[in-house]
Every structure is written in C-alpha cells, then in structure tokens.
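Q: Sequence and predicted structure, then a few things I'm wondering about:
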Amino acid sequence: MEETPDSMQAKLAHVRSLEKSVLEKSKREDYKRSKSLHFNMHSEEIHASLLNSDVEFYFTDIAFFLYFDDLRYMKFAKKLRHLAFFDINNIVCCDILDKNKHIYSFLNSSFPHKVNSFWISSKYTVKLDPSYYFDCIMRNSSSIIQSVGFAGFCFNDQQLKRLITSFKHVRLLSLQNCNLCVLVVHDFSKSLKNAKIKKITLLWSGQTNASDWKNNLDGFKNLIKSLATSQDLKLTLKEINMRYCSIGQEKALKILKENGLSHIKVLI
C-alpha cells in the first residue's frame with residue numbers, strides 16, 4: 001500500500017519532532033548549530049545518516065555502536081571533527097585498529113560529556129597496545145558514569161594502575177581477554193579512596209594467550225593484593241568474574257581469603 005502525501009507529511013513531522021527532542025535532550029548548543037546529522041525514524045530505531053555522505057549507523061536506547069574497521073564509521077568519526085557527540089546511554093567502540101587518527105579524533109575531541117556505559121574492543125586476536133589512545137580514554141573517565149569495559153588490550157603495569165584509579169567511580173569494571181601485566185603490588189590505599197566499584201570482570205584475561213595465570217600465578221596474586229590495599233574497595237566490591245581464567249575455584253578463593261576478600265562472590 002502506497003503512502004499518501006498526508007501520511008508522509010505526518011511521518012516527516014514525527015521525525016522532525018523526534019530530532020528536536022533528541023537534540024534538546026543533549027543540551028548541546030554547538031551540536032544543534034551543526035548541520036552534520038539528521039535523524040529518521042525506522043520502527044523502534046533511530047536510523048541516522050550523515051548529510052551528503054554514505055555513512056550510516058544505528059542509534060538505539062541500548063547502545064550506539066561504532067565499528068572502526070568499517071569505512072563508513074571512519075567517515076562518521078572524521079565528519080564529527082571537533083564536535084562532541086551528544087550525551088547518550090551507552091557507547092560501544094568495536095574493532096579498534098592500531099594508531100588510527102579517526103579513532104583518536106573521536107576519543108580525543110568528540111566523546112560525549114556524559115555516557116552511562118563505555119565499551120571498547122580491539123580488532124586483533126593479538127592484544128593491542130593501548131598507548132596511542134590511552135590518555136584520551138583516561139581523560140574521558142569522569143564522563144563515564146556506571147560501567148567501563150576493555151577487550152583485547154595489553155596493559156602494562158603503570159597503565160593498569162592508572163586505569164583502575166581513573167575508573168574507581170564506576171560500578172562495573174570489565175577487563176575481558178586482556179593481558180594484564182602486574183609486576184608489583186601497588187598501594188591503592190589513597191588512590192582508591194571513595195571507590196564505588198561493585199563488580200570486576202576478568203573474563204578470559206587469565207588464559208594462555210592473555211595474562212597466562214596458569215603459569216604466571218604471581219601476576220594474579222599481585223592484582224588481588226593490590227586491590228586489597230584499599231579499604232574502601234574492600235567495602236564496595238561484591239563480585240569478581242574469573243570465568244575462563246585458567247585458575248581453579250579453590251585456588252582463587254584461597255588467594256582472596258589471604259587478602260581479606262573472602263566475602264566477595266567469585267564466578268568461575
């Protein structure tokens with residue numbers, strides 16, 4: 001059944017109304033002035049496309065996905081330039097590439113002022129050194145409110161220390177399939193004061209192709225000992241997900257107990 005001019009006008013009016021409400025909700029005057037984006041309604045999703053461009057992406061109430069191995073999303077990041085994306089519930093940055101200027105630009109100049117959840121994952125099976133993007137992400141830490149997740153990265157000792165400190169205010173800290181290098185026991189007694197972290201996910205991070213805790217148990221011990229130096233974190237932390245980390249439940253519980261963390265629920 002073909003749409004009538006009246007029904008098309010009604011749909012267009014609805015789209016414009018939705019666009020206005022989204023932009024007003026963002027409270028970003030610079031974004032309103034920009035003519036970079038417009039919104040069209042498709043079923044329950046907002047299908048957004050850049051004007052004069054073949055870039056397409058999907059924005060839903062659940063999350064905003066950016067696939068950085070896709071040229072369309074690279075063009076989107078480039079189009080934003082130094083314009084900050086509007087506040088949104090979740091952002092998922094997938095397939096992060098090594099030292100890409102468009103990814104860097106998005107993280108450095110276009111990251112929202114407020115986002116409840118932020119997830120970033122590497123494209124490679126081999127763990128990606130986050131150094132090129134690390135400072136940008138850390139500077140954005142205060143904009144990320146509830147949860148943060150990293151997947152497929154290789155964090156050195158100092159990076160991991162800074163990461164945990166920078167995101168002490170989130171409820172969920174997820175480090176999945178990451179190589180976590182913890183050479184020494186860090187003192188978090190002051191830097192994690194007023195910590196709010198309730199759950200830590202280490203899913204797959206203990207496997208042989210990651211931190212290899214089966215053959216490098218000291219790395220895991222140093223991580224737990226470091227976390228245990230914070231009395232505030234001891235009070236807030238309720239759960240650690242250690243599934244697929246190559247450490248048996250008995251061994252994991254023993255290490256936690258030795259560090260005063262026996263009250264924490266362990267998922268193995």
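A: All right, it came through fine. Please read these numbers as outputs of a predicted model, since none were measured by experiment.
Q: show me where the stretch 151-268 of the chain has helices.
A: With helices called from DSSP state H, counting those that start in this stretch, the stretch 151-268 of the chain shows them at 157-166, 217-227, 231-236, 249-258.
Q: Can you give the contact residues for the first one?
A: Yep, that's helix 157-166 we're talking about. 130-131, 134, 138, 141, 150, 155, 173, 180-184, 186, 188, 191-192, 226-227 (C-beta atoms under 8 Å, 6 or more residues apart in numbering). Glycine gets a C-beta too; all of them are placed from N, C-alpha and C.
Q: The residues you listed in strands, which ones?
A: Per DSSP state E, strands hold the following members of those: Phe150, Phe155, Leu173, Leu180.
Q: contacting residues around the last one?
A: Contacts here follow C-beta under 8 Å, 6+ apart; on that basis Leu180 touches Phe155, Leu160, Leu202, Ser205, Ala210, Ser211, Gly219, Leu223.
Q: In the chain, where is pLDDT below threshold?
A: Residue ranges of the chain with pLDDT under 70: 1-84, 86, 124-126.
Q: The residue nearest to Asn179 when sequence neighbours are not counted and Ser131, how far apart?
A: For Asn179, ignoring the flanking residues on the chain, the nearest one in space by C-beta to C-beta, 6 or more residues apart in numbering is Cys154 at 4.1 Å. Using C-beta to C-beta, to the nearest Å, we find Cys154 at a distance of 10 Å from Ser131.
Q: Kindly report the same for Thr229.
A: Distance from Thr229 to Ser131, by C-beta to C-beta: 26 Å.
Q: Looking at those two, which is more packed in?
A: Thr229 (17 against 13; other C-beta atoms under 10 Å).
Q: State whether the more buried one and Phe188 are indeed in contact, as I suppose.
A: Yes - judged on C-beta atoms under 8 Å, Thr229 makes contact with Phe188 at a distance of 4.9 Å.
Q: Distance across stretch 233-242, terminal residue to terminal residue?
A: 18 Å (C-alpha to C-alpha, to the nearest Å).
Q: which residue sits closest to Asn156, ignoring its sequence neighbours?
A: Closest residue in space to Asn156, ignoring its immediate chain neighbours: Cys181 at 5.1 Å, by C-beta to C-beta, 6+ apart.
Q: and what of Gln207?
A: Ser246 (5.7 Å).
Q: Next: Leu253.
A: Val266 (6.1 Å).
Q: same check, this time on Asp187
A: Counting by C-beta to C-beta, 6+ apart, Thr229 is the residue found nearest to Asp187 once chain neighbours are left out, at 5.2 Å.
Q: gap between the two ends of stretch 188-201?
A: Start-to-end, stretch 188-201 (C-alpha to C-alpha) is 19 Å.
Q: just stretch 170-183 next, same as before
A: So stretch 170-183: terminal residues 25 Å apart, C-alpha to C-alpha.
Q: now do stretch 197-214
A: 26 Å.
Q: List the buried residues of it.
A: For stretch 197-214, the buried set under the neighbour-count rule, 16 or more other C-beta atoms under 10 Å, comprises 197, 199-207, 210-213.
Q: quick one: contacts of it?
A: 125, 127, 149, 167-168, 170-181, 215, 219-220, 227, 233, 236-247.
Q: again, only using 6 Å
A: Contact with stretch 197-214 is made by 171-180, 219-220, 236-247, as judged by C-beta atoms under 6 Å, 6 or more residues apart in numbering.
Q: quick revisit: what is the nearest of the buried residues of stretch 197-214 to Leu97?
A: Distance to Leu97, by C-beta to C-beta, is smallest for Ala210 among the buried residues of stretch 197-214, at 19.8 Å.
Q: circling back to that earlier point, show me the contacts for the residue nearest to Asn179.
A: Lys127, Asp129, Asn179.
Q: could you dump these to TSV with neighbour count and distance to Phe106?
A: Below are those laid out as TSV (neighbours: other C-beta atoms under 10 Å; distance: C-beta to C-beta, whole Å):
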residue	neighbour count	distance to Phe106
Lys127	20	21
Asp129	17	19
Asn179	22	24
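Q: Thanks a lot, catch you later.
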